[in-house]
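Chemist: test case, fold it:
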Amino acid sequence: MQIVKMNKLCIILMLGLSIFLQGCKISGVITYNDVPVNGIGVSITNGILTYHTTTDSTGRYTFDLEQDNWVITPFNHVYTFLTENKFGKWGDKDVDNINFEAVNKEPFLPSKHGFRFSNSFSGEPFPRGEQSGKIIARLLKLIGAETETFGLCGGMSASALDFYMTGVPRPEGYYSGPNEGELYNELYYRQFDSLGGQKTVGPVINIVLNHTINYNENSTDLVKLAYWLIQAPDDGEGSMLDMSKTELHSILNYLDNGEIVPIFMVMHKSSEVNWDNFMSHLNNHQVLVYDYEEDTDQSVIHLNIYDPHYPYYHFDLNKGMNKYWADKVIIEIKLDSNRDIVYMRHLIETGMPITHQVHGIYISRHIIGDPHDPTLRIRPEISSQF
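Modeler: Predicted coordinates for the structure are as follows:
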C-alpha cells in the first residue's frame, strides 16, 4: 500500500516537473506607424542561453521558454526601436503582449540597401518549369531576339525595394550575385511583375506579331513603353518629354511623402524606332528613385537613384575595385520657366562623369504594391529560405 502511494507521488512530481520544463509561450507584435512589420529579428537571453526568431507577416514573434529572467531585444538593418529591449521574469504562464514599436526607418541608400552585384546575367533567363518563361522564350526565338546575356534591372530594383520595405532579412547571394536558385528566381519573377506579369503577354504578342498597340490608362508598363517608343513624337505636345512632365510631378509627390519610386527610363528617341527595329530598342532601363534635390532657381532637378548597373564597388582602372559609385548616380532634369522639361540625362558623378541622354521617365506602377504586405512583394518560397 505504501509503495502505491509513493508511485502516485512520483507521478504527480514528474507531471509537475514536466509542465515546468515545457515552459510557456512568450510573444508580441512589432509595428511601424501602427502597421505590423514582417522579418524583424528578435533575440531573447537569460545571460546563458540565447534564442533568435523573426516576426511573421502579422508582425508577431513567439518563443517557447522555461521560467527565468529574460531580456528580449528586436534588431533589424532598417529600423530602430522606441524601446531597445524589455526584460522580466517570464515562463510560468503565456504572455502575448511584449510589443515593440519601430520609430525610425533608416533612409534608403544604394550602397547599403542595393544589391552588390551588377545587372548582368548569362545563360537561361527563365526559371525551370516556368510556363510563362517558356512562352516568352519561344516568342524571342521566333522573332530572332534571343540573347546570351541579359539584365534584370526591374527585378533587381523591385527586390531591393521589397527587402528594404518589408524588413525581410537579406538572402544568401545578396553581396556576391546569384547564378541560380531562389534569389535568382525572385529577381526573375519581380522582373516579370515590373513589366506587367501575365497581363502583358497577350498584348506584347499582339504588338510583335500584328504591329498593333492598344494603349489606355490600364495598359501594362511594357505596353506603355511600346506606345511611347512607336507613337510618341520627339517634340511638342504628346512627346515623351511632355508626358514625362506629368510623371515627374507624381514622382516628386511620392518622394515628398517619404516613398521610394520605381521608374522606367526610356533611352531611345521615338524617331529612332520603327516596327522593323522595335525589338532591338527594348533595352531601356528600370531604377529606384529614393530622393531628389532642386537648385535654388528651380531650373534643375536631380533625382537620386539606385541603378542596378552600378553596385557598391565599381572597377576603377587607376585605383582598382574601390570606386564608391552606388550613391552617386542621378537623373539630371533641366526645366524651363514654365517647368517644362528641356532635357534629361543619366549621370554618374565620378571624377570623369558618365552621361547618357534620357528621353522619357514614367513610374513602374506594377511594383509599388503595398509596401508592408510581404505576401504581395516577396514570395513565400524565398521568404522561408532565411
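Chemist: for this structure, where's the lowest mean pLDDT among helices and strands?
Modeler: When each helix and strand of the chain is scored by mean pLDDT, DSSP states H and E, helix 380-383 comes last, with a mean of 38.
Chemist: point out where the stretch 101-250 of the chain drops to low pLDDT.
Modeler: Along the stretch 101-250 of the chain, segments meeting pLDDT under 70 span 123-148, 166-180.
Chemist: how about a cut-off of 80?
Modeler: Scanning the stretch 101-250 of the chain for pLDDT under 80 picks out 104-105, 122-149, 165-182, 185, 197-198, 200-201, 204-205, 208-209.
Chemist: which residues in it form helices?
Modeler: Secondary structure of the stretch 101-250 of the chain by DSSP state H, counting those that start in this stretch: the helices cover 110-113, 131-142, 153-166, 182-194, 201-210, 221-231, 240-256.
Chemist: let's have those in JSON lines, adding mean neighbour count.
Modeler: Every residue, glycine included, has its C-beta placed from N, CA and C. Listed next are these as JSON lines, based on neighbours: other C-beta atoms under 10 Å:
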{"stretch": "helix 110-113", "mean neighbour count": "19"}
{"stretch": "helix 131-142", "mean neighbour count": "14"}
{"stretch": "helix 153-166", "mean neighbour count": "26"}
{"stretch": "helix 182-194", "mean neighbour count": "22"}
{"stretch": "helix 201-210", "mean neighbour count": "16"}
{"stretch": "helix 221-231", "mean neighbour count": "21"}
{"stretch": "helix 240-256", "mean neighbour count": "17"}
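Chemist: can I get the ones you listed in a markdown table with distance to T83?
Modeler: Formatted as a markdown table, the helices of the stretch 101-250 of the chain follow (distance: least, C-beta to C-beta, whole Å):
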| stretch | distance to T83 |
| --- | --- |
| helix 110-113 | 24 |
| helix 131-142 | 46 |
| helix 153-166 | 22 |
| helix 182-194 | 33 |
| helix 201-210 | 49 |
| helix 221-231 | 42 |
| helix 240-256 | 30 |
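Chemist: out of the ones you listed, the one nearest N277 is which?
Modeler: The minimum distance between N277 and the helices of the stretch 101-250 of the chain falls on helix 221-231, with 10.1 Å, by C-beta to C-beta.
Chemist: which elements pack onto the closest one?
Modeler: Based on contacts counted as 3 or more C-beta pairs under 8 Å, 6 or more residues apart in numbering; DSSP states H and E, the elements that helix 221-231 packs against are helix 201-210, strand 261-266, strand 360-363.
Chemist: looking at those, which is nearest to I305?
Modeler: Among the helices and strands packed on helix 221-231, the nearest to I305 by C-beta to C-beta is strand 261-266 (8.0 Å).
Chemist: elements contacting that closest one?
Modeler: Strand 261-266 sits against helix 153-166, helix 221-231, helix 240-256, strand 285-294, strand 360-363, with contacts defined as 3+ C-beta pairs under 8 Å, 6+ apart.
Chemist: columns distance to F87 on top of the ones you listed, output as CSV?
Modeler: Output for the helices and strands packed on strand 261-266, formatted as CSV (distance: least, C-beta to C-beta, whole Å):
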stretch, distance to F87
helix 153-166, 28
helix 221-231, 50
helix 240-256, 40
strand 285-294, 37
strand 360-363, 46
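Chemist: and of those, who's closest to N33?
Modeler: Closest approach to N33 among the helices and strands packed on strand 261-266 is made by helix 153-166 (12.3 Å; C-beta to C-beta).
Chemist: name the helices or strands packed onto the closest one?
Modeler: By 3+ C-beta pairs under 8 Å, 6+ apart, helix 153-166 packs against helix 110-113, helix 182-194, strand 261-266, strand 285-294, helix 374-377.
Chemist: one more time with 7 Å
Modeler: When contacts are defined as 3 or more C-beta pairs under 7 Å, 6 or more residues apart in numbering; DSSP states H and E, helix 153-166 packs onto helix 182-194, strand 261-266, strand 285-294, helix 374-377.
Chemist: what about it, distance to the chain center?
Modeler: The gap between where helix 153-166 is centred and where its chain is centred comes out at 1 Å by C-alpha atoms, centre = their mean, to the nearest Å.
Chemist: and the angle from that helix to strand 285-294?
Modeler: Note on geometry: by axes from the mean of the first three to the mean of the last three C-alpha atoms, to 10 degrees, helix 153-166 and strand 285-294 are set 60 degrees apart in direction.
Chemist: pLDDT score for C24?
Modeler: Listed pLDDT for C24 reads 87.
Chemist: and the spatially most central residue of the chain, how far is that from D327?
Modeler: Taking C-alpha atoms, centre = their mean, the centroid of the chain lies closest to L161, which sits 2.3 Å from it. Plainly put, L161 is 16 Å away from D327 if you go by C-beta to C-beta, to the nearest Å.
Chemist: just D68 next, same as before
Modeler: For D68, the distance to D327 - C-beta to C-beta - is 45 Å.
Chemist: this completes my enquiry, with thanks.
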